[in-house]
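[1] Got a sequence here, can you build the structure:
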Amino acid sequence: MPRLAGHSDGDVALHAVADALLGAAGLGDLGRLFPADSRTPVGIDSRVLLGAVADRVRAAGWRPVNLDITIVASRPRLAKLLPEMAAAIAAILGLDPGSVNVKASTGNLEGSEGGGRSISASAVALLAPLGGDALEGPA
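    Numbers count the residues shown, from 1 in each chain. Just a heads-up that it's a prediction; the model follows:
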């Protein structure tokens, strides 16, 4: 069975979420926090990386409020797994599962994702200041 290759476990959805959270908080990106070298264990579980990112975002005075994730791949078929994926991401971040939306697309069967040769993901995160609402800056 084909597998995703990467320095970590290669979970593109969790990496996209981590980068969205870091970007929304102005904290750089996942590669700077966990470089693909000896400072980051090979095969590290992306759930561990996302948990560390969430801790860093909170330490900067922010909390995740809402996430929207899109995974583009023709295989594996993800439709039946999307609610479980949303619940798992919500649990890692301490969010209500209704605050996490995960959707999948085949990319109209175009390109490397549509041809089943790769998977990509993008995510958008809404943050709010700790103790505040989403319309004000950090405390």
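[2] contacting residues for the spatially most central residue of the chain?
    Nearest to the geometric centre of the chain sits Val17, at 1.9 Å (CA atoms, centre = their mean). By CB atoms under 8 Å, 6 or more residues apart in numbering, the contact set of Val17 is Leu50, Leu67, Ile69, Ile89, Ala123, Ala125. C-beta coordinates here come from the backbone N, C-alpha and C atoms, glycine included.
[3] now the third one: how far from Ala18?
    Okay, so that is Ile69. From Ile69 across to Ala18, the span is 11 Å (CB to CB, to the nearest Å).
[4] More neighbours: these two, which one.
    Ala18 (27 against 24; other CB atoms under 10 Å).
[5] Could you report the pLDDT at the more buried one?
    With respect to pLDDT, Ala18 scores 97.
[6] How far does the helix or strand that contains it sit from its chain's centre?
    Assigned by DSSP states H and E, Ala18 falls within helix 12-24. In terms of CA atoms, centre = their mean, to the nearest Å, the centre of helix 12-24 is found 4 Å from the chain centre.
[7] And the very next helix or strand once past that helix, what does it pack against?
    Per DSSP H and E, the first helix or strand lying C-terminal to helix 12-24 is helix 30-33. When contacts are defined as 3 or more CB pairs under 8 Å, 6 or more residues apart in numbering; DSSP states H and E, helix 30-33 sits against helix 12-24, helix 46-59.
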